[in-house]
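J.: Give me a model of this one.
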Amino acid sequence: MARARKHEISRLEAFSDAVFAFALTLLVVSLEAPKSYHDLMVMVRGFLPFACCFALLVWIWYEHSGFFARYALHDRTTVVLNSALLFVVLFYVYPLKYVFTLTFAIFIPELRHEGGPQSPGEIVRLFAIYGLGFVAVFTVMALLYCQAWRRRDEIGLTAIEARDARGEIGTQLTSVAVGVTSVLWALLMPAGVNAFAGFVYFLMGPAHWAYGEWNGRQRQAFLNARGAAAHR
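T.: Sure, this is the predicted structure:
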C-alpha cells in the first residue's frame, strides 16, 4: 500500500469532509423520535438498516480520505471527479436508507410501510437506481486512482507506489462489479427473487478478500522482480 504523505489539509479535503458530515447528519435527521412504545420498537428494529447505511457512508469517506492522504492532488480533473463523488453521495443518502429498510423488511415485517413498491417492476427499478448510484461512487473512486497513476511522475510516486495506485484501481472496480451484479440480479431474476438483489452486496467481503489475495501476490511478485533486477 502506498504510504500516506504528510501535507496540510487542503480546502478541497475540508470541504469534502463537511459534505460527508452533512450526509451523515441527513441520515440521523431522517429518524423520527418515537411517540409510543410501538414506535420505539419499530425504531429499534430499524437499527440494522441504519447501521448498514452509516457503515457504507463511513466506508466511502474512509476510501476518499485514504486517497487524499496518499496523493495530494488538486488539479482540475481531480476537483471535477471529487465533486461528482460528493454529488452522488448526497443525492443517494435517502434512497440508501430506503433500500436498506426495504431489504431488511423481508425479515422484519414491522419495517414495511404503505409507500413500499407495489409491483415487481417497481422493485426492479428501485434496486437498479440504487445499484447505479453504488456503481457511480466506486467508478469515480477508480477514476481518481487512475488520475493519480497518470500523474505519477508529477507527484513523485516511486515504482511500488505507482504499482499500488494501479492495484487500488482494481479494488474500486471490485466494488463496481458487485454493484453491477446486484443490478443484473434485479433485472434478470424472476419476480419474488429479484427482491434479494440487496443481499448481493454482502458479496463485498468475499470479493474484496479474493482480490486482495490476488493483488498481494502480484505486488510481491513485482517486488521480487525489482529486487532481482537490482542485484544483476
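
J.: Would you quantify the distance from Leu90 to Glu122?
T.: Look at Leu90 and Glu122: by CB to CB, to the nearest Å, they are 24 Å apart. For glycine as for every other residue, the C-beta is placed from the backbone atoms N, C-alpha and C.

J.: Those two: who's more crowded?
T.: Leu90 (14 against 11; other CB atoms under 10 Å).

J.: which non-adjacent residue is nearest that one?
T.: Ala23 (5.7 Å; CB to CB, 6 or more residues apart in numbering).

J.: Now do the helix or strand containing that neighbour: everything it contacts.
T.: Ala23 is part of helix 11-29 when elements are defined by DSSP states H and E. Here helix 11-29 makes contact (CB atoms under 8 Å, 6 or more residues apart in numbering) with 50, 53-54, 57-58, 60-61, 64-65, 68, 74, 78-79, 82, 86, 89-90, 93-94, 96-97.

J.: hmm, back to that, relative to Pro95, how far out is the residue nearest to Leu90?
T.: Applying CB to CB, the value for Ala23 to Pro95 is 12 Å.

J.: And those two? Which one has more around it.
T.: Neighbours were counted for Ala23 and for Pro95 using other CB under 10 Å; Ala23 has more, 20 against 13.

J.: Okay, helices next: where are they in this protein?
T.: Secondary structure of the chain (DSSP state H): helices at 11-29, 37-45, 47-70, 76-91, 93-104, 120-150, 159-188, 204-230.

J.: now the residue most central in space within the chain: how far from Leu85?
T.: Taking CA atoms, centre = their mean, the centroid of the chain lies closest to Ile60, which sits 4.7 Å from it. To Leu85, Ile60 is 8 Å away according to CB to CB.

J.: what is in contact with those two at once?
T.: In contact with both Ile60 and Leu85: Val137, using CB under 8 Å, 6+ apart.

J.: Phe54: neighbouring residues, count only.
T.: By other CB under 10 Å, neighbour count at Phe54 equals 15.

J.: swap in Val79?
T.: Around Val79 there are 13 residues (other CB under 10 Å).

J.: so what's it up against?
T.: Going by CB under 8 Å, 6+ apart, the list of residues near Val79 reads Leu12.

J.: Give me the pLDDT for it.
T.: Looking at Val79, its pLDDT is 93.

J.: repeat for the one 3 residues further on
T.: The predicted structure scores Asn82 at 94 on the pLDDT scale.

J.: And stretch 51-68, what's buried?
T.: Buried positions in stretch 51-68, judged by neighbour count with 16 or more other CB atoms under 10 Å: 52-53, 56-57, 60-61, 63-64, 67-68.

J.: From Phe196, how far out is Asn215?
T.: For Asn215, the distance to Phe196 - CB to CB - is 29 Å.

J.: Same check on Leu85?
T.: Where Phe196 is concerned, Leu85 sits at a distance of 28 Å (CB to CB).

J.: Please identify which of the two sits among more neighbours.
T.: Neighbours per residue, other CB under 10 Å: of Leu85 and Phe196, the larger number sits with Leu85, 24 against 15.

J.: wait, what's in contact with the residue nearest to that one when sequence neighbours are not counted?
T.: Among residues not flanking Leu85 along the chain, Val140 sits closest, at 4.5 Å (CB to CB, 6+ apart). Counting by CB under 8 Å, 6+ apart, Val140 touches 81, 84-85, 88.

J.: how about 7 Å then?
T.: 81, 84-85 (CB atoms under 7 Å, 6 or more residues apart in numbering).
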